[in-house]
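K.L.:
what's the 3D shape of this:
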Amino acid sequence: MLHEFSFLSFPNLEYLDLSMNKLFDVIPPQISYLSKLVYLDLPCNELFGRILPEIGGLRNLTILYLFANKLSGKIPKERGNLKSLVDLKLSVDSLTSSIPPSFGSLKKLTTLCLSKNALSGSIPQEMGNLKSLVELYLYENQLNGSILTSLGNLTTLTHLLLYTNKFSGTIPDDIGKMEFLVHLFLSNNNFTGCIPKNFGNLEKLQTLYLYKNQLSSSIPEELGNLKSLVGLDLSYNNLTGGIPPKFGNLKRLQLLYLHNNQLSGSISKEIGNLKSIVDLGLSENQLNGSIPASFGTLTNLEILHLRDNKLSDPIPKEIENLKKLTKLHLDTNQFSGHLPQHICQGGQLTNFSVHNNNLTGPIPRSLKTCTSLFRVHLEGNQLTGNVSEVFGVYPNLDFIDVSHNNLYGEISLNWGQCPQLKTLLMAGNKLTGSIPPEIGNANKIHVLDLSSNRLVGAVLKEFGRLTSLVKLMLNGNQLSGRIPFEFGSLTDLEYLDMSKNSFNESIPSVLGGLVELNYLNLSNNKFSQAIPFQLGKLVQLSQLDISHNSLEGQMPSKISNMGSLETLNLSHNNLSGFIPTSFEGMHGLSFVDIFYNDLEGPLPNNTAFRDAAPEDIQGNKGLYGNNGVLQP
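P.N.:
Residues are numbered from 1 along each chain as shown. Below is the predicted model of the structure:
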């Protein structure tokens, strides 16, 4: 423990390093006895309590590291007495209150790190006196107010990191005078106004991050002068106008993020000059026109985000040249024509999204052998192809959506050989044939949607092996036969839609064991016999639709145990007898439809039945409520 240390025994001690020793203690006031101490290094321990003003008596200190502890309270103003201090790091603690103005007296200070605390208030004017300061880290606090123009006096700064605070107002032009600045992080604040044009004078600047502010107006073309720039992030602002063609001069740029703004116009061909670019994000703007063919020269590009714009025309074949591409997001635009056939020529593509466009023609041949794929979005186009031929075996595939295209053919056996597959969505195509039993091998699958196709045959017992299923949609096909008993194994299932098919026989009682279900739709089939009372165990169910079948017998009173039920549709069946009085306790029920059955007797005194439209209740033998008999 630190308080057991005999400070009086070491009057000439100049260097004390106790870092990373799991010290659990307060800093004792006796530390002030080490009057000749030059270097005090106590980080990465579990020191707690406040920083004592006695440390201000260590007048010879040049290095003071107390970061990554559990220190709290105010920073004592006596820190301003440490006139020899060169390097001060108090980050990753729980310090509160404001930055003491006395820090302005630390004229020899070159590094000041107060990041990742809970400091508040504004930056004191006196900080502008730190003429020797090279690195200033104040990020991840709760500092507010504007950046004072006095910071412009810190002309030797190379690092200015103020991100994730509550700063507001405009960014002062004075920052553009810090000619040695290498890294400037002002992101995640509330800055407004324009980006200063004189930022283009910061010739040594390598990183400029201004994202997540409220900056407006156009991007100054002067930023194209920053020949040393490696990372530029202006995303999540309100910037307007076009992308400056002068950005093509940024030959060292590896990251360019302009997404989530209001940029318009076309993408200039000069972007193709960014030979070092690795990550390019222009999504969620109002960019139009086509992708420049010059993009094909960006051979170091690994990530390209262009989604949610107004881009059109065919995707240029030159995209095939980007052999290092791992993520390509072109979705939610107005692209037309065919996809480039060798889009995965480099064999490294993991994320591929082109959904919600006007694409036609075949699915690229290269996707069949693109074993690197992890997430694929092709939905919402007019793509064609035989699904039994265009997809391969993908050892890493987690998600694929090819819904709402013009795909045809039978479901491939290969999906059962994708060991990591969790989501398979193929709805709204022209798929035919039966569901292959091999689908049961995809035992990690969570969501399976084969709805609105032309599938026939039975649902096989192999479905019972898909024990990770959460959502299953088979509705809108021509499936027939019974629901297999093995469905009882799908105990994680929350959503089940098998409506609009030709399933027959009885509704299996094992469905009552799927206690996580909140949606069950078996309507528009050929189910017969009684409603199994075991469905009453589905206490999480909010919507139950078994209408348009041939169900008979009485309504099970156990249904009233469904305490979460909001919507109940039993219409167009052959149900008979009285509605159980226990239904009166279903206070969450807001909609009921029992049209066209053979029910009789009193309607339950329940809001859903009282508020039901006549057409939702009529067509029965002799139901009556408070207003008399409802005619069949």
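
K.L.:
where do the strands sit along the stretch 401-550 of the chain?
P.N.:
406-410, 423-425, 430-432, 447-449, 456-458, 471-473, 478-481, 495-497, 502-503, 519-521, 528-530, 543-545, 550-553 (DSSP state E, counting those that start in this stretch).

K.L.:
which other residues reach the third one?
P.N.:
Meaning strand 430-432. For strand 430-432, the surrounding residues in contact (C-beta atoms under 8 Å, 6 or more residues apart in numbering) are 387, 406-411, 450, 453-456. (Glycine included, C-beta is placed from N, CA and C.)

K.L.:
Show me which of these are buried.
P.N.:
Neighbour counting over those (16 or more other C-beta atoms under 10 Å) leaves 387, 407-411, 450, 453, 455 as the buried ones.

K.L.:
ok, those residues vs L151, which is closest?
P.N.:
L407 (59.3 Å; C-beta to C-beta).

K.L.:
Show the contacting residues for the closest residue to the closest one other than its chain neighbours.
P.N.:
The shortest distance from L407 to any non-neighbouring residue, by C-beta to C-beta, 6 or more residues apart in numbering, is to N429 (4.2 Å). With contact set as C-beta under 8 Å, 6+ apart, N429 has these partners: 387, 402-408, 452-453.

K.L.:
mind redoing it with 10 Å?
P.N.:
379, 383-385, 387, 402-409, 450-454 (C-beta atoms under 10 Å, 6 or more residues apart in numbering).

K.L.:
So which residues of the stretch 51-200 of the chain form strands?
P.N.:
63-65, 70-73, 87-89, 94-95, 111-113, 120-121, 135-137, 142-145, 159-161, 166-170, 183-185, 190-193.

K.L.:
Quick one: closest of the ones you listed to E203.
P.N.:
That would be strand 183-185 among the strands of the stretch 51-200 of the chain, by C-beta to C-beta, at 12.9 Å.

K.L.:
one step back: how close does the residue nearest to L407 sit to D331?
P.N.:
Shown here: N429 relative to D331, a distance of 18 Å by C-beta to C-beta, to the nearest Å.

K.L.:
now F5
P.N.:
Counting by C-beta to C-beta, the gap from F5 to D331 is 62 Å.

K.L.:
and if you look at G428?
P.N.:
For G428, the distance to D331 equals 17 Å [C-beta to C-beta].

K.L.:
Tell me which of these two has more neighbours.
P.N.:
D331 (23 against 19; other C-beta atoms under 10 Å).

K.L.:
Quick check: the more buried one touching V376?
P.N.:
No - counting by C-beta atoms under 10 Å, D331 stays clear of V376, with 11.2 Å between them.

K.L.:
so what's in contact with the two at the same time?
P.N.:
Counting by C-beta under 10 Å, 6+ apart, the residues touching both D331 and V376 are 352-355.

K.L.:
out of those, who has the most neighbours?
P.N.:
The most neighbours of any of the shared contacts of D331 and V376, using other C-beta under 10 Å, belong to F352, which has 27 neighbours.

K.L.:
Kindly present the shared contacts of D331 and V376 as TSV, with separate columns for pLDDT and distance to E46.
P.N.:
Output for the shared contacts of D331 and V376, formatted as TSV (pLDDT from 0 to 100; distance: C-beta to C-beta, whole Å):
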residue	pLDDT	distance to E46
F352	98	47
S353	98	46
V354	98	51
H355	98	50
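
K.L.:
Which of those sits closest to L258?
P.N.:
Checking the shared contacts of D331 and V376 against L258 by C-beta to C-beta gives S353 as the nearest, at 18.5 Å.

K.L.:
Who does that closest one form a beta bridge with?
P.N.:
S353 has these beta-bridge partners by DSSP bridges: H329, H377.

K.L.:
Mind listing what's buried along stretch 391-402?
P.N.:
Under the neighbour-count criterion of 16+ other C-beta under 10 Å, stretch 391-402 has 391-394, 397-402 buried.

K.L.:
Next, the distance between the ends of it.
P.N.:
11 Å (C-alpha to C-alpha, to the nearest Å).

K.L.:
start at 7 instead
P.N.:
All set: I'll call the first residue 7, so the last point we hit is now stretch 397-408.

K.L.:
for that stretch, the distance to its chain's centre please.
P.N.:
20 Å (C-alpha atoms, centre = their mean, to the nearest Å).

K.L.:
tell me the mean pLDDT over that stretch?
P.N.:
For stretch 397-408, mean pLDDT is 97.

K.L.:
The nearest residue to L499 once chain neighbours are set aside and H554: what is the separation?
P.N.:
Nearest residue to L499, sequence neighbours excluded (C-beta to C-beta, 6+ apart): L520, at 5.0 Å. From L520 over to H554 the distance is 22 Å, taken as C-beta to C-beta.

K.L.:
Same drill for these two, tell me which one is more crowded.
P.N.:
L520 (23 against 20).

K.L.:
I'd assumed N219 was in contact with N243.
P.N.:
Yes - if you go by C-beta under 10 Å, N243 and N219 touch, sitting 5.5 Å apart.

K.L.:
Tell me the residues that contact both of the two, please.
P.N.:
By C-beta under 10 Å, 6+ apart, the residues touching both N243 and N219 are 193, 197-198, 201.

K.L.:
Most widely separated two among those?
P.N.:
S193 and T198 (14.2 Å).

K.L.:
Pull the number of nearby residues for H9.
P.N.:
12.

K.L.:
Same list (the buried residues of stretch 397-408) but as a markdown table, adding distance to S126.
P.N.:
Converted to a markdown table, the buried residues of stretch 397-408 look like this (distance: C-beta to C-beta, whole Å):
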| residue | distance to S126 |
| --- | --- |
| F397 | 56 |
| G398 | 57 |
| V399 | 56 |
| Y400 | 51 |
| L403 | 48 |
| D404 | 43 |
| F405 | 43 |
| I406 | 48 |
| D407 | 46 |
| V408 | 52 |
